[in-house]
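Undergrad: pasting the structure only:
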């Protein structure tokens, strides 16, 4: 037995947690007798995104792609459009690619083994555990930030949760803790407890169903756990974003590269400020796009925070004074067609300005 579980009342902890979850769980659309596909979609959407944000996206996505087959055969741009605004778009691309693998290799049935799920694009240990425990009632750990926080406090574990080996530690602990009779309710209960009660700041310990088992609460140090080393400082990248319209009122947009940040999404062309002086904007634009622009007038400043960098966008109107568009991924489109293209959140804000 793991040393952290020595003299820990596992059965009592399971019973208290599962009873609380079944009584107090939130009414969420992916909890109503979900298929493995629905669990999969919900868990991918919930990665790094709040539940309240995910709910409408989940409903819309499932209405457009109700089965694995419909998602597998959809155009990528259609999938990205349905994901528009959720961020971390590689999740959507990986999900579609993995679903195509399931359709081709497993006859359209989501596999129910850790090994087979682990071979699918974008399906890491957490997603594997969530699908296996929730959809297939298999006692597999599903360890996310909520789970590590709850167990750090309950078992008074001071290992740094930012380190990969600590996640492995918690996975091994959950393997011993998890209910074999109802692994779905157990795993979801841990997640729900972290979301509603055992929150990062000011946890509601007096309302906690497993308070009597919490070692950190007994020591009065629950708010100092979990231990997590600080992230690296995010780099700030500055851009000019001139809005360019032709004489027919069409606006210039371009598609981002097929790999890397925000791959295959559309945007209004951006000029990296650090590489040019403002007075040289026209020369840069002509060299890059074959268009001559003048009179840039800033109308808005937009900041967008990614997990690893920050974009500061200086958005402005300008005048198109000639030239011919010469860029393989850029094109002019009517304003009323902007809605048909998937844009990242930062450029959705620009779209609304127009």
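TA: Good, I have the coordinates. All values derive from a computational prediction rather than experimental measurement.

Undergrad: point out where this structure drops to low pLDDT.
TA: Applying pLDDT under 70 to the chain picks out residues 278.

Undergrad: residue 186 and residue 177, how far apart?
TA: Separation of residue 186 from residue 177 (C-beta to C-beta, to the nearest Å): 8 Å. Where C-beta positions appear, they are placed from N, C-alpha and C, glycine not excepted.

Undergrad: using the three-state scheme, assign residue 139.
TA: Look at residue 139: counting by DSSP: H, G, I helix; E, B strand; the rest coil, its state is coil.

Undergrad: so who does the closest residue to it other than its chain neighbours touch?
TA: With C-beta to C-beta, 6 or more residues apart in numbering as the criterion, residue 139 has its nearest non-adjacent residue at 4.3 Å, and that residue is residue 183. For residue 183, the contacting residues are 133, 137-140, by C-beta atoms under 8 Å, 6 or more residues apart in numbering.

Undergrad: if you set the cut-off to 10 Å instead, what comes out?
TA: 18, 129, 132-134, 136-142, 174 (C-beta atoms under 10 Å, 6 or more residues apart in numbering).

Undergrad: JSON lines please, covering these and showing neighbour count and distance to residue 277.
TA: Listed next are these as JSON lines, based on neighbours: other C-beta atoms under 10 Å; distance: C-beta to C-beta, whole Å:
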{"residue": "18", "neighbour count": "20", "distance to residue 277": "64"}
{"residue": "129", "neighbour count": "27", "distance to residue 277": "53"}
{"residue": "132", "neighbour count": "26", "distance to residue 277": "56"}
{"residue": "133", "neighbour count": "25", "distance to residue 277": "57"}
{"residue": "134", "neighbour count": "25", "distance to residue 277": "55"}
{"residue": "136", "neighbour count": "16", "distance to residue 277": "60"}
{"residue": "137", "neighbour count": "15", "distance to residue 277": "63"}
{"residue": "138", "neighbour count": "18", "distance to residue 277": "60"}
{"residue": "139", "neighbour count": "19", "distance to residue 277": "62"}
{"residue": "140", "neighbour count": "23", "distance to residue 277": "57"}
{"residue": "141", "neighbour count": "26", "distance to residue 277": "54"}
{"residue": "142", "neighbour count": "26", "distance to residue 277": "52"}
{"residue": "174", "neighbour count": "24", "distance to residue 277": "56"}
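
Undergrad: can I get those in a markdown table including distance to residue 195?
TA: Listed next are the contacts of residue 183 as a markdown table, based on distance: C-beta to C-beta, whole Å:
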| residue | distance to residue 195 |
| --- | --- |
| 18 | 16 |
| 129 | 17 |
| 132 | 21 |
| 133 | 17 |
| 134 | 15 |
| 136 | 23 |
| 137 | 22 |
| 138 | 23 |
| 139 | 22 |
| 140 | 20 |
| 141 | 17 |
| 142 | 14 |
| 174 | 17 |
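
Undergrad: residue 172 and residue 2 touch, don't they?
TA: Yes. Assessed by C-beta atoms under 10 Å, residue 172 is found in contact with residue 2 at 6.0 Å.

Undergrad: tally of neighbours for residue 160?
TA: Residue 160: 11 surrounding residues under other C-beta atoms under 10 Å.

Undergrad: which stretches in the stretch 201-350 of the chain count as strands?
TA: Ranges of strands in the stretch 201-350 of the chain, per DSSP state E, counting those that start in this stretch, are 235-243, 251-255, 266-267, 271-272, 291-305, 309-323, 330-333.

Undergrad: residue 84: which of these is closest?
TA: Closest approach to residue 84 among the strands of the stretch 201-350 of the chain (C-beta to C-beta): strand 266-267, 9.8 Å.

Undergrad: can you list the strands that that closest one pairs with?
TA: Strand 266-267 sits in its sheet next to strand 251-255 (antiparallel), going by DSSP bridges.

Undergrad: and the angle from the strand it pairs with to strand 309-323?
TA: Interaxial angle of strand 251-255 relative to strand 309-323 (axes from the mean of the first three to the mean of the last three C-alpha atoms, to 10 degrees): 130 degrees.

Undergrad: got the buried residues for strand 251-255?
TA: Buried positions in strand 251-255, judged by neighbour count with 16 or more other C-beta atoms under 10 Å: 251-253, 255.

Undergrad: now do the helix or strand containing residue 150: distance to the chain's middle.
TA: In the assignment (DSSP states H and E), residue 150 maps to helix 145-154. Helix 145-154 has its C-alpha centroid displaced from the chain centroid by 20 Å (C-alpha atoms, centre = their mean, to the nearest Å).

Undergrad: again, but for stretch 210-225
TA: For stretch 210-225, the distance to the chain centre is 30 Å (C-alpha atoms, centre = their mean).

Undergrad: also stretch 52-60?
TA: When distances are taken as C-alpha atoms, centre = their mean, stretch 52-60 is centred 12 Å away from the chain's centroid.
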